[in-house]
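Asks: got a predicted structure plus its sequence, pasted below:
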There are 2 protein chains.
Amino acid sequence: MNSSFKPYYAVIFTSKQAGSTEGYSKMSEEMEELAKQQKGYLGIESAKSQLGITISYWENLESIRNWKEQSDHLIAQQKGRSDWYSWYHVRICKVEREYEFNKKIIN
Amino acid sequence: MNSSFKPYYAVIFTSKQAGSTEGYSKMSEEMEELAKQQKGYLGIESAKSQLGITISYWENLESIRNWKEQSDHLIAQQKGRSDWYSWYHVRICKVEREYEFNKKIIN
């Protein structure tokens, strides 16, 4: 942990897919690309088992709000509700602390 | 969003596995069971692709601290660093807002 740590934000998006996955992968990639171009974007992490989890990281709440209201993203959200997801849950979180482990490779 | 929303905490654990996975699944299940028995535990969500993501939810920071220092969990953390993970990142987050979508089934 760093004493100069500056809090930032995470949007935790957990989802279950509905029957249709048509167009999902393409849209998902496009949205990730688009997110990267937004002001305040810091990163994205995702994994999928039965549950899908995507976490995007942002500098502040304003950048999250802007991204939520970005027009192409609104279309994707609409399509998500009509076609792709049976359920999703969105959590807006303030990252207050973090730490990392990296394995040292000893030759 | 609910006007009576009470903030709670999320621990975002993202990881990459090292070569060895021996004993990993068993320990992972045991830790999930053990977490459920802790005071302040609210839930867990996980998914795995190239990246593993596990998010556990807690009532407050104290319950996260207690869980981090729980003795069996300390052994699992040690084993994680020595055997299972090449990398992990832990983020302690305050969940400030949330909303959910549930598809209405129309017969």
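Replies: Cool, the structure landed.

Asks: distance from stretch A:29-40 to the middle of the chain?
Replies: Centroid separation between stretch A:29-40 and its chain, computed with C-alpha atoms, centre = their mean, to the nearest Å, is 10 Å.

Asks: tell me the mean pLDDT for that stretch?
Replies: Stretch A:29-40 shows a mean pLDDT of 95.

Asks: show me what the residue nearest to residue A:14 when sequence neighbours are not counted bridges to in the sheet.
Replies: Leaving aside its chain neighbours, residue A:14 sits nearest to residue A:89 (4.9 Å; criterion: C-beta to C-beta, 6 or more residues apart in numbering or on different chains). C-beta here means a position set from N, CA and C on the backbone, and glycine is covered the same way. Beta bridges link residue A:89 to residue A:14, residue B:100, judged by DSSP bridges.

Asks: for residue A:57, same thing?
Replies: Residues in beta-bridge contact with residue A:57 (DSSP bridges): residue A:10, residue A:43.

Asks: model confidence for it, exactly?
Replies: 98.

Asks: check the burial of it by counting its neighbours.
Replies: 20 (other C-beta atoms under 10 Å in any protein chain shown).

Asks: got the contact list for it?
Replies: A:8, A:9, A:10, A:11, A:41, A:42, A:43, A:44, A:45, A:95 (C-beta atoms under 8 Å, 6 or more residues apart in numbering or on different chains).

Asks: from the contact counts, what lies against the longest helix seen in chain A?
Replies: If you go by DSSP state H, chain A has its longest helix at helix A:24-36. Helix A:24-36 makes packing contacts with strand A:41-48, helix A:71-79 when contacts are defined by 3 or more C-beta pairs under 8 Å, 6 or more residues apart in numbering or on different chains; DSSP states H and E.

Asks: could you give the angle of the shortest one to helix A:24-36?
Replies: In other words, strand A:41-48. 160 degrees (axes from the mean of the first three to the mean of the last three C-alpha atoms, to 10 degrees).

Asks: hmm, who's touching strand A:41-48?
Replies: A:8, A:32, A:35-36, A:52-59, A:63, A:67, B:14, B:47-53.

Asks: equivalent analysis for the longest one, please.
Replies: Helix A:71-79 is contacted by residues A:23, A:27, A:30, A:31, A:34, A:35, A:67, A:68 when judged by C-beta under 8 Å, 6+ apart.
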